[in-house]
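Novice: Structure for this input, please:
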Amino acid sequence: MLVHGFLDLAYGWHEVGDRLAQRAHVIAPDLRGHGDSDWIGPGGYYHFLDYVVDLDEVIERTARKRLVLVGHSMGGSVASYWAGTRPQRPSALALLEGLGPPDQSEVDLPGRTAQWIGAWRRARSKQKPMASVDEAAARLRKHDPQLGEALAKKLAAAGTREVGPAGDSDPRDSGGLTWKHDPLHLTMGPYPFRRDFAAQYWKRVTCPVLVVDGGATMLNLPDPERAVRRVLFPNHRHVVLPGVGHMMQRHNPDALAQLLLELA
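Specialist: Predicted coordinates:
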């Protein structure tokens, strides 16, 4: 079970998934509001534990008895919270730079709530369409310099949809392309990340846990903080994958798939 990260989508696993599928039954869902999953309706929001209950439902319906759960980035947090909630279910857990964002325990909660309300009201009215798949691919490569041009175009094609001038999705009256994910995800949620909160889940994970970091990452926690978080998992192993960045499933799918197949 491959759980993608923030603003990503299931298709982002396609190269790793193809390699895993030679020996395993592979499932890669689009998290709610990402990829081809539905957006939340008017008045709704994406609270973090919504992803956890969705994952629980997907696992209940589709997973086999032996379950290797893999989470990348935000998907790692989703996967680890679920594994701590259902510690008897997973056979193994892999967290690919998935130990959460920096701790925000000291954040000004009333101020954050005010910012969230304002951003929530504005989010869907601020979409800026892109002219082409090439432009979308260029944006992906801007944020991920290790991403090759050919793969960037595949990901851009899979991760965008056509929109009309008024923001509708009628391809006959195209006003360009937008990303498939709901713009509400770009708002800062009302509940900040707290390491002590996450630790309650992590300490309950009893299965083997593989923690993978990219050797060339630019989007990870400082080394000392990573070490503190890793040891909260009672049965963990830490691996650094040389030469890859945060989006390691794009950069070296062969090496990553081999690591994951060791868990299968």
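
Novice: contacts, neighbours, all on C-alpha from now
Specialist: OK.

Novice: Could you list the low-pLDDT ranges of the stretch 151-264 of the chain?
Specialist: 164-174 (pLDDT under 70).

Novice: just the helices in it please.
Specialist: Secondary structure of the stretch 151-264 of the chain (DSSP state H, counting those that start in this stretch): helices at 195-202, 223-230, 248-251, 253-261.

Novice: Among those, which comes closest to Val16?
Specialist: Nearest of the helices of the stretch 151-264 of the chain to Val16, taken as CA to CA: helix 253-261 at 5.0 Å.

Novice: What about Pro29, how many residues nearby?
Specialist: Using other CA atoms under 10 Å, Pro29 has 20 other residues around it.

Novice: The chain should start at 141 in everything you say after this.
Specialist: Got it, first residue is 141 now, which makes that one Pro169.

Novice: which of the helices of the stretch 291-404 of the chain is buried the deepest?
Specialist: Greatest average neighbour count among the helices of the stretch 291-404 of the chain goes to helix 388-391 (a mean of 22), per mean count of other CA atoms under 10 Å.

Novice: helices and strands around the helix or strand in which Asp158 is found, which ones?
Specialist: According to DSSP states H and E, Asp158 maps onto helix 154-160. Contact analysis of helix 154-160 by 3 or more CA pairs under 8 Å, 6 or more residues apart in numbering; DSSP states H and E lists helix 388-391, helix 393-401 as its packing neighbours.

Novice: hang on, the earlier thing: could the helices of the stretch 291-404 of the chain go into a markdown table alongside distance to Asp353?
Specialist: Output for those, formatted as a markdown table (distance: least, CA to CA, whole Å):
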| stretch | distance to Asp353 |
| --- | --- |
| helix 335-342 | 18 |
| helix 363-370 | 10 |
| helix 388-391 | 9 |
| helix 393-401 | 11 |
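
Novice: Can you say which of the ones you listed is nearest to Ser177?
Specialist: Across these, Ser177 has its closest neighbour in helix 388-391 (21.2 Å, CA to CA).

Novice: As CSV, could you dump the C-alpha coordinates of that closest one?
Specialist: The C-alpha coordinates for helix 388-391 follow below in CSV (Å, rounded to 0.1, in the frame of the first residue of the first chain):
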residue,chain,number,x,y,z
MET,A,388,13.2,9.6,-4.0
GLN,A,389,10.5,7.6,-5.8
ARG,A,390,11.3,9.7,-8.9
HIS,A,391,15.0,9.8,-8.5
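
Novice: outside of it, which residues touch it?
Specialist: Helix 388-391 is contacted by residues Gly152, Trp153, Glu155, Val156, Gln286, Leu287, Gly354, Val384, Gly385, Leu396 when judged by CA atoms under 8 Å, 6 or more residues apart in numbering.

Novice: about what we covered before: which stretch among the helices and strands packed on helix 154-160 approaches Thr225 most closely?
Specialist: Of all the helices and strands packed on helix 154-160, it is helix 393-401 that lies closest to Thr225, at 22.3 Å by CA to CA.
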